[in-house]
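>>> Make a model of this:
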Amino acid sequence: MDKCSCYYIQRYIKGWRNPSTPVYGREVGVCYGTKEKEECTCGGDRTKCDFYDYIKEKAQADKERKKVHEAIKFLTAIGYNVTKRSK
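Numbering: from 1, shown residues only. I've put the predicted structure just below:
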């Protein structure tokens, strides 16, 4: 999985144990790629981007390309002759 560079975890402060030690409550995923730094549920996985379809589509295409490359590498390793098909 290609981790998204815009994804961060934001921890909310629930209270204070003492003046210098916060008590944290829930953690929320936040997208720094949006203007308002909105909450997101992608978990840093570009193929599950909540806001930008072009990022999701590019990540899915890259994932498929990687699968094909790994399959070709495996077939070559076990002795098959894999050649690129001309268009």
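>>> pLDDT wise, what is the most centrally placed residue in the chain at?
For the chain, the residue nearest the mean C-alpha position is residue 45 (2.0 Å; Cα atoms, centre = their mean). Looking at residue 45, its pLDDT is 91.
>>> so it bridges to which residues?
For residue 45, the beta-bridge partners under DSSP bridges are residue 3.
>>> And the strands in the protein, which stretches?
For the chain, applying DSSP state E gives strands covering 7-18, 21-31.
>>> and of the ones you listed, who's closest to residue 61?
strand 7-18 (19.7 Å; Cβ to Cβ). The way it works is simple: take the backbone N, C-alpha and C, and place the C-beta from them, glycine included.
>>> what pLDDT does residue 77 get?
Reported pLDDT for residue 77: 89.
>>> To what extent is it buried, counted in neighbours?
Other residues within reach of residue 77, judged by other Cβ atoms under 10 Å, total 8.
>>> quick one, what contacts it?
Residues near residue 77 by Cβ atoms under 8 Å, 6 or more residues apart in numbering: none.
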